[in-house]
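K.L.:
3D model of this:
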Amino acid sequence: MQGIKRRVVYVGLYELVAIILSAILLEWMTSAGAAHSIGIAIAASAVAIVWNLLFNYGFEWWEQRNQHKGRSIGVRLLHALGFEGGLVVFLVPIIALWLDVSFMEALVMDLGLLAFFLIYTFVFSWVFDAIFGLPAAVAA
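P.N.:
Got it, this is the predicted structure:
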């Protein structure tokens, strides 16, 4: 599977699991309740979908210009760090406004989610590639 179809399947599967897991984590981390946790998870997912499409397009563009084929652990770590780092920039204001907390409190909450999702992104991408294969640009 290649191109836009690959990106849509990747993002759809990634975000479906992410909504469920982040709602559970947010409810556990805050006293906001299930409704707020699910609402934030869905809002975060919408942001993440747009960011995921843009980031993965840019990341694969960057990969195409490299001489190396395949995805080493270092490249996978770079991918996960770049994606999650970008989400911090977008999600901290949403969490702060939604839960009516300071940006520092929202940052701490987001960092808790980041710690989990950094691992999740790394594992999900690896499993996705194992099941669906690498993008043509980096296939060995």
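K.L.:
residues of the lengthiest helix in the chain that come out buried?
P.N.:
Ranked by number of residues, the top helix in the chain under DSSP state H is helix 33-64. Of all the residues in helix 33-64, those buried under the rule 16 or more other C-beta atoms under 10 Å are 36-38, 40-41, 44-45, 48-49, 51-52, 55-56, 59-60, 63. In short, each C-beta sits where N, CA and C put it, glycine included.
K.L.:
Who are the packing partners of it?
P.N.:
Applying 3 or more C-beta pairs under 8 Å, 6 or more residues apart in numbering; DSSP states H and E, one finds that helix 33-64 contacts helix 3-29, helix 73-99.
K.L.:
Let me see the mean pLDDT of it.
P.N.:
Averaged across helix 33-64, the pLDDT comes to 87.
K.L.:
Let me know the angle separating it from helix 73-99.
P.N.:
150 degrees (axes from the mean of the first three to the mean of the last three C-alpha atoms, to 10 degrees).
K.L.:
when you give positions from now on, start the count at 18
P.N.:
From this message on, residue numbering opens at 18, which makes the last subject helix 50-81.
K.L.:
Could you tell me the least trusted of the helices and strands packed on helix 50-81?
P.N.:
Least confidently modelled of the helices and strands packed on helix 50-81 is helix 20-46, at a mean of 85 by mean pLDDT.
K.L.:
elements contacting that one?
P.N.:
helix 50-81, helix 120-149.
K.L.:
Centre of the chain to that helix, how far?
P.N.:
Between the centre of helix 20-46 and the centre of its chain there are 7 Å (C-alpha atoms, centre = their mean, to the nearest Å).
K.L.:
go on, stretch 109-127?
P.N.:
Mean C-alpha position of stretch 109-127 versus that of the full chain (C-alpha atoms, centre = their mean) differs by 18 Å.
K.L.:
List the buried residues in that stretch.
P.N.:
So for stretch 109-127, counting by 16+ other C-beta under 10 Å, buried means 109, 111, 112, 113, 115, 116, 118, 123, 124, 126, 127.
K.L.:
end to end, how far does that stretch reach?
P.N.:
End-to-end distance for stretch 109-127, by C-alpha to C-alpha, to the nearest Å: 6 Å.
K.L.:
before we move on, what about stretch 116-123?
P.N.:
8 Å.
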